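Peer 1: next comes the sequence, and after it the predicted model I'd like to discuss.
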Amino acid sequence: MTATLAPTTSTGSRGGSTARTSVGLAAATATLARQKVLAAVRSGDAVFAVLGPVVFFLCFYVPLHGQFERAGGEYAQFLLPIILLQAGIFTAISATETAGYDARAGVHERVMSLPIPRVTPFLGRMAWVLTRMLLTLVGGLTIGYSLGFRFHGSIWHTAAFLALVVVFGLALSMLTDAVGTVGRDSVSIASILMIPQLILVMASTGLVPAEGFPGWARPFVRNQPLSVFSDALRGLADGSGVDLTAAAIWSVGLLAAGSAAIVAAARAQVKR
Amino acid sequence: MSETMTTTQTWRPRRSVPLAAQSVVHATALLRSWSRDPGIVVQSLVFPAFMLLMFQLVLGKTVTSMGGGNSVYGNTGLVALVGALFGTLATAISLIHERDSGLLSRMWTLPVPRSGFIAGRLAAEAVRAGIATVVLFLVAVPLGFRFEHGIAAGIGAVLVPMIFGIGIAVPVIALATVASGKQAVQQLGGLFLLLLFFNGGFAPVSEYPGWLQPVVRHQPMTPAIDAVRGLTEGGAIAAPLITTVAWTVGLIAVFGPLAVRGYRRAAESR
């Protein structure tokens, strides 16, 4: 009786390996997240996450603040939201490269042979995205605060400001993660994504007010997502009466599109 | 016995190839392979064109109102140089791939003058910058860009980013061939970003804080932008042009030996 049951319980003592047990979602995610964060620290991407917004802030602030402040206004207060949003886009662009690397370097196949939930590699990558967005906030807020940016609202306004930045970067990264997973050449995709980044960041109300644009461009400039987000962030930082409806709709829409894209990419990968 | 001798003689004897021919062949081969790399095409042609459109749309009015002439001339010169800068980073990444795939080593065994590899690469960089500049001028004309000094001066204006591109490519080759290279090239991207914003083409030099103005005025891009502006809109030509050539000669003198050593190491490493 006991002898027939023995193989499953005492394989270790007989020189074989212990029985394979599946690893829980939390434990597997934590391990893969740690691996992604360490890889990013080693590749220098973590440093770029902090310094990127600092450099871009200075690049726009130094040449342009004189002109802006002669017209009456605090440029650091005006500029910081778009810098943080741009950093969110850069996070998404680096996410497409990471996902592409995992999909094509055989990492995906090897990880999928492990007894872990299928969703954990994606969650691991998103953990790095989340970390990267927090690093970006540290860099952006440090340079912003030292040049005159302030939170004037309540603690809830500030919390909503920080959450909106992180949600923007995360939702966009879900989309680009899916693109990088199914795309053939994620490095080329990343360099092509720099073009919509340029258009959305420049042609927004983030760098100059809508009045600075020619009349024909204003409808687009006022209503494109980066303007919507930067207007909302600016309102939250000022603590004034801010209408978050448009930004909330965009956030939900981006998150929904990102989730759908992730599911579609995962399906495509299983078929392969 | 004599039969085998005659069959060997049906091959033409191995001959060395003259330097000029080798450089041209290497340059055209590189240009052809670059034209098939979407990353390089985007970074050196498409991205600059969009960047010019955006700079003019967003900052055109603001910067023109700061004084210092119509901003389209400054921005066109600036963006032409940006295309040369960031395009060089993309070609450096492809150089690293050529090294890692062993292509450089295989070409190193050919009976050709080895100086032709570097010469051909620099020529290809110059041609790439020239093509990108012509495309950019075509984009700029509807925005108000004009050749006020005629077509000959306009052709001169195309030469400026080509000269600049050669100067910038030498340190990039040197950096790309040290160690693994890729990270060094990416870090150089950060430095280029600073060059992009802190020059006399993005905003007039007077808009920068006083202590920074000497740096802004004398960094390699400002004289090159002034030369393009002088050859198209009007203004000083000789002084900025000489400074641009001096920067290129200086960069070659300092980084040339390092680039040659690095390239040799890359080709002989595996």
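Peer 2: Looks like it came in fine.
Peer 1: residues of the stretch 151-272 of chain A that sit close to chain B?
Peer 2: Taking CB under 8 Å from any CB of the partner chain as the contact definition, the stretch 151-272 of chain A meets chain B at A:185, A:187-188, A:191-192, A:194-195, A:198-199, A:202-203, A:207-208, A:212-214, A:217. All C-beta atoms are positioned from the backbone trio N, CA, C, and that covers glycine.
Peer 1: any of those residues buried? List them.
Peer 2: When burial is judged by neighbour count using 16 or more other CB atoms under 10 Å in any protein chain shown, the buried members of these are A:187-188, A:191-192, A:194-195, A:198-199, A:202-203, A:207-208, A:212-213.
Peer 1: what's the farthest-apart pair in those residues?
Peer 2: A:187 and A:212 (34.9 Å; CB to CB).
Peer 1: ok, residue 164 - contacts?
Peer 2: Let's take chain A. In this structure, residue A:164 makes contact with A:229, A:232-233, A:236, A:247, A:251, judged by CB atoms under 8 Å, 6 or more residues apart in numbering or on different chains.
Peer 1: switch to chain B, please.
Peer 2: B:81, B:84, B:129, B:220-221, B:224, B:244, B:247-248 are the contacts of residue B:164 under CB under 8 Å, 6+ apart.
Peer 1: ditto for residue A:77
Peer 2: Applying CB under 8 Å, 6+ apart, the residues near residue A:77 are A:148-150, A:234, A:237-238.
Peer 1: as a markdown table, the residues you listed with neighbour count would be great.
Peer 2: Below are the contacts of residue A:77 laid out as a markdown table (neighbours: other CB atoms under 10 Å in any protein chain shown):
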| residue | neighbour count |
| --- | --- |
| A:148 | 15 |
| A:149 | 22 |
| A:150 | 13 |
| A:234 | 20 |
| A:237 | 22 |
| A:238 | 15 |
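Peer 1: name the nearest of the residues you listed relative to chain B.
Peer 2: When the contacts of residue A:77 are ranked by distance to chain B (CB to the nearest CB), residue A:148 comes first, at 14.9 Å.
Peer 1: distance of the closest one relative to residue A:109?
Peer 2: 51 Å (CB to CB, to the nearest Å).
Peer 1: same question, residue A:23
Peer 2: Distance from residue A:23 to residue A:109, counting by CB to CB: 18 Å.
Peer 1: residue A:180 now?
Peer 2: 16 Å.
Peer 1: higher neighbour count, the two?
Peer 2: In terms of neighbours (other CB atoms under 10 Å in any protein chain shown), residue A:180 is the more surrounded of residue A:180 and residue A:109; the figures are 30 against 12.
Peer 1: is that one in contact with residue A:103, as I believe?
Peer 2: Yes. Contact criterion CB atoms under 8 Å: residue A:180 and residue A:103 qualify, at 7.0 Å.
Peer 1: what do the two both touch?
Peer 2: With the criterion set as CB under 8 Å, 6+ apart, the overlap between the contacts of residue A:180 and residue A:103 is residue A:186.
Peer 1: how near is the closest residue to residue A:98 other than its chain neighbours to residue A:180?
Peer 2: Taking CB to CB, 6 or more residues apart in numbering or on different chains, and ignoring the residues beside it in sequence, residue A:98 has residue A:125 as its nearest neighbour in space, at 5.8 Å. Going from residue A:125 to residue A:180 by CB to CB gives 9 Å.
Peer 1: then residue A:162?
Peer 2: In this view, residue A:162 and residue A:180 are 26 Å apart by CB to CB.
Peer 1: next: residue A:56.
Peer 2: Spatial separation of residue A:56 from residue A:180 under the definition CB to CB is 23 Å.
Peer 1: next up, the contacts around residue A:207.
Peer 2: With contact taken as CB under 8 Å, 6+ apart, residue A:207 is in contact with A:60, A:64, A:79, A:82, A:201, B:58-59.
Peer 1: which residues of the stretch 1-150 of chain B fall in strands?
Peer 2: Secondary structure of the stretch 1-150 of chain B by DSSP state E, counting those that start in this stretch: no strands are present.
Peer 1: quick one: low-confidence ranges for it?
Peer 2: Counting by pLDDT under 70, the stretch 1-150 of chain B shows low-confidence ranges at B:1-9, B:67-68.
Peer 1: near chain A, which residues of it?
Peer 2: The stretch 1-150 of chain B comes close to chain A at residues B:37-39, B:42-43, B:46-47, B:50-51, B:54-55, B:57-59, B:61-62, B:65-66, B:90, as judged by CB under 8 Å from any CB.
Peer 1: now, which of these lie within helices?
Peer 2: Helix and strand membership here follows DSSP state H; of the residues of the stretch 1-150 of chain B next to chain A, those in helices are B:38-39, B:47, B:50-51, B:54-55, B:57-59, B:61-62, B:65, B:90.
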